[in-house]
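# All I have is the shape, not the residue letters:
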DNA sequence: TTTAGCACTCAATATGTTCGAGTGCTAATA
DNA sequence: TATTAGCACTCGAACATATTGAGTGCTAAA
C-alpha cells in the first residue's frame, strides 16, 4: 500500500510536527530527513500521501500536517518497537497495596509522577469490577448516635462512612455483626448480603431498621463499577502551545474536572489489559478531539488498575510511553524515593 | 474626608465596574446614577477621587477604574449593611459531622455548592489546630503482614493508614492496645503518647520496633496544623472575562492546584472567626493580586472550619456574601436535598 | 457651583502593503 | 521512467497607516 519511501516521508513529517508543532514543508524533510532527495520529490510524495488521507493542508501554500491516520501509523510503529524489548510486564498491581498510605496514596503519587515525567497530565485509577469481594469489615462507635462503617476490599481499597444510628446497639452486638460478616470474607457480596439479612432478621429483629441503613451503605460501596480516580498536576498544560487558546484548554479541563466523565472514558478504553493509545477523534468524547490518551491497564482479582497520560494529539508519544513504563517498573519504589532523578524534563 | 456626593460617585463607579467590567466614564454615571448632575460635574469629582487614590485611569482618555482602596470602601459598606441584618451565626460547625459521608463529604459538597451559587470558585476546609484530640482509635488486620490504623478525631475527622508490620502481633494484642489508647480519649495527644510509650515498653517490649511505626503515623496525623481542603468546580472561571487571558488564569489556577499554598493562605486569613474579605493586593501571595477572597471562619474544640470563595477582584461581592450566608444556613440540609432550588444562576 | 463646548488623547478597528514559506506544474535531465 | 530545477502563484503573518469614537481636561459662560 505505502512504498518504503512514502512511509519514510510520512514518519518524518509526524516526527517533525511533534517536535516543532508547525506545518512541515517539503524543504524541511528534504534537508533534515531524506537528505538524498530534493524538495520537489518530497513534494510529490506528500501530494500522494495527502490523497491517501495521511496528510492534510490547513490551507494552500502551507506545509502539511499529519492526520489521525498518520498518527496511528506512527504510534503503532512505536508500540511495535516497544514490544520487541523485554517488558517488565505483569504483576505490578499487587505492589500498590503496600504503599504506606494505601492504594489511594499510591495512586495519587503515581498520577503526579506521571504528570512530571511526561510533561502532560497523569492519571491513575482503580475500578472495582462487579465481582468486588469483601476482605474485612468493621464497625467503630464514634459517639452515642454515630458509628463508622469501615470496609476493606480484596485488593486493599479502603472505604469508610459515618452512619447516624439513633438507637443504641451495644458495642458487642456490632462486634458480633462484624465477626459474622468477616467469616464470609472472600465470598461474593450478593451471597454475604443474603446471609446477613437472614442473620439480622433472626437475631436483631428490632434493630432491622437501623441495620438497613448500614446495608444500603454497603451496597453503595460494593455495587457496580466504581472508580477511584486521581489526576496529577495540570500545570504542564499551560506550557503546551496547543492549549494556549482558552477554548481548547477549557475543553480538556472540564473533562478532567468531572470525575464521572473521565472514569467513563477510562472504563471504556481500559477493558483490555496492556498498553494502548487512543488518538484524537478515535475517542468520541466531545471536546477531546484534539487530545490523545495513553493508557496502561491491568486487571486482577476483581479490580482493574489503570495508569494513563492525557495530552495533545501532537504529544511526544515516545516520551509518554517511556514515562509510563518507568512508573510501572518503579511502582514498588514509590514509598521509598519521593521522586526520580528528574530526567525527561528537557522539552521546551 | 469624602463628601456625600463623592462617596455616591465612588460607589456608583465600583458598582458599575463590577457589573460591566469596563472602564466607567463620567457620562455613564451622570446618566445612570446621579441623574441630576451633568457629566462635567461628575468629571470633576472623579478627578478629585483619583487624586485621593480611589480611582485610576488605565490611560488618558479612558474611563476610571476603582483601586483596591475603593473596593475596600465598597465592601465595608456591604459588610456593614449585612451586620445590621439578623445573622444566623454560631454553631454551624457541629452539623458537618452529621453528614452521611462524614466531614470530608460535607466539605466537598459545600465547596461545590459555593462554586455554583457564587459563579466563582468555592472552597471548604477544616484545619485541625495544634490541640487536636483523639476521639477513638482502632487497628484492623488486613492480611498477615498489614493492618489498618484508624483514627477518629474529636470533631469527626477520620484518618486511616495502612501499616506494614511483618511481625505477628496477635489480634488480641492489637485490641488491647487500642483499648488502652481509647480509655484516654479526650486527652492531649502528647499525654497519650507518653502513657502509650510506657505501656509499650512494659508489656510489648519485643514488638517495640513495629509499634514505633504506628506511633510515627499517629504523630504525623495528629501533629501540627493540618488542613483538609476541598475546592469546588473551577469551570466558572472560564466565563469570567478577567480570566480569558491564559496568563491570569494560570496564576490563579496554580495556587488552587497546590493545596499547600492554598492552605497556608486560608490559615493566614482564617484566624479570626466570622466573615472577612481580602481584596487584591491586600493579600500578598504572588499571582493573586487580581483576586479577592471571601472567607468565613469558625473555630470550635480544636478545629477551625472555613468556607470561602475566590474570584476576581472585580467580583460581585454582594452575591458571594449572600451565597456564603446561604450555605452557612443550609449546612444542616446538605445531607437531604442534593442541591438548592437553583437560583443565583442568572449571571451572564 | 454647575454646565456647555471644544480641543485633545488614545485604544480599538479597519485597510492596505510587503514578505516569505510553501505549493503545483512544467520542462529539462539522468 | 524517475528525478529535479525553475517559475508563477497562493495565502497567512507581520507591519504600517488611516479612521473612529469614547472619554478626558480645561475654559468660559450661566
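That came through fine. As the structure is a prediction and not an experimental result, all values here were calculated from the model.
# Only C-alpha atoms from now on, for both contacts and neighbour counts.
Fine.
# tell me the domain ranges of chain A?
A:4-66, A:84-129+A:226-335, A:134-222 (automatic domain parsing).
# Helices along the stretch 101-250 of chain A, start to end?
Here the stretch 101-250 of chain A has its helices, by DSSP state H, counting those that start in this stretch, at A:102-118, A:171-183, A:189-203, A:208-222, A:246-257.
# Near DNA strand D, which residues of chain A are found?
A:36-38, A:40-41, A:44, A:59-61 (C-alpha under 7 Å from any atom of the strand).
# what's the closest of the residues you listed to residue A:223?
Nearest to residue A:223 among those is residue A:59, at 52.4 Å by C-alpha to C-alpha.
# who touches the helix or strand harbouring residue A:10?
Per DSSP states H and E: residue A:10 is located in helix A:4-20. Helix A:4-20 is contacted by residues A:23-24, A:29, A:33-34, A:42, A:45-46, A:49, A:54, A:64-66, A:70-71, A:74, A:314-316 when judged by C-alpha atoms under 8 Å, 6 or more residues apart in numbering or on different chains.
# Of the residues of chain A next to DNA strand D, which belong to strands?
Judged by DSSP state E, strands contain none of the residues of chain A next to DNA strand D.
# Among those residues, which one sits closest to DNA strand C?
The shortest gap between DNA strand C and any of the residues of chain A next to DNA strand D belongs to residue A:61, at 4.1 Å (C-alpha to the nearest atom of the strand).
# Turn the residues of chain A next to DNA strand D into TSV, including distance to residue A:145, neighbour count and pLDDT.
Shown next, in TSV, are the residues of chain A next to DNA strand D (distance: C-alpha to C-alpha, whole Å; neighbours: other C-alpha atoms under 10 Å in any protein chain shown; pLDDT from 0 to 100):
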residue	distance to residue A:145	neighbour count	pLDDT
A:36	82	8	92
A:37	82	13	94
A:38	83	14	94
A:40	82	12	95
A:41	82	12	96
A:44	79	13	96
A:59	70	8	93
A:60	74	7	90
A:61	75	8	91
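# picking that back up, the helix holding residue A:10 close to DNA strand C?
No. Applying C-alpha under 7 Å from any atom of the strand, one finds helix A:4-20 separated from DNA strand C by no less than 10.1 Å.
# so after that helix, what's the next helix or strand?
With elements assigned by DSSP H and E, the helix or strand that comes after helix A:4-20 is helix A:26-32.
# list the helices and strands that following helix packs on?
Counting contacts by 3 or more C-alpha pairs under 8 Å, 6 or more residues apart in numbering or on different chains; DSSP states H and E, helix A:26-32 is packed against helix A:4-20, helix A:39-51.
# In the first one, which of the residues would be classed as buried?
What it means is helix A:4-20. Neighbour counts over helix A:4-20 (16 or more other C-alpha atoms under 10 Å in any protein chain shown) mark A:6-7, A:9-18 as buried.
# for the record, mean pLDDT for it?
Computed over helix A:4-20, the mean pLDDT rounds to 96.
# Show me what residue A:229 is bridged to.
residue A:125 (DSSP bridges).
# Quick one: residues contacting it.
A:107, A:123-126, A:259, A:263.
# For residue A:156, give me phi and psi.
Main-chain torsions, residue A:156, degrees, to the nearest 10: phi 100, psi 0.
# give me the number of residues near it?
Residue A:156 is flanked by 23 other residues according to other C-alpha atoms under 10 Å in any protein chain shown.
# Quick check: it touching residue A:106?
No. In this structure residue A:156 lies outside contact range of residue A:106 using C-alpha atoms under 8 Å: 11.3 Å.
# Chain A against DNA strand C: which residues are in contact?
Looking at DNA strand C, the residues of chain A close enough under C-alpha under 7 Å from any atom of the strand are A:23-28, A:40, A:43-44, A:46-47, A:60-64.
# hmm, try it at 6 Å
Residues of chain A found near DNA strand C (C-alpha under 6 Å from any atom of the strand) are A:24-27, A:40, A:43, A:47, A:60-64.
# Could you pick out the buried ones from those?
Counted by 16+ other C-alpha under 10 Å, the residues of chain A next to DNA strand C give A:24-27, A:43, A:47, A:63-64 as buried.
# Which of those residues sits closest to chain B?
residue A:24 (26.9 Å; C-alpha to the nearest C-alpha).
# what kind of secondary structure is residue A:292 in?
Counting by DSSP: H, G, I helix; E, B strand; the rest coil, the backbone at residue A:292 sits in strand.
# from what I can see it touches residue A:311, true?
Yes. Assessed by C-alpha under 8 Å, residue A:292 is found in contact with residue A:311 at 5.6 Å.
# The two: which is more packed in?
Taking other C-alpha under 10 Å, residue A:292 and residue A:311 do not tie; residue A:311 has more neighbours (29 against 22).
# And the more buried one, its phi and psi?
Per degrees, to the nearest 10, the backbone of residue A:311 is at phi -160, psi -170.
# Pull the contacting residues for it.
Counted by C-alpha under 8 Å, 6+ apart, residue A:311 has contacts A:120-121, A:237, A:291-293.
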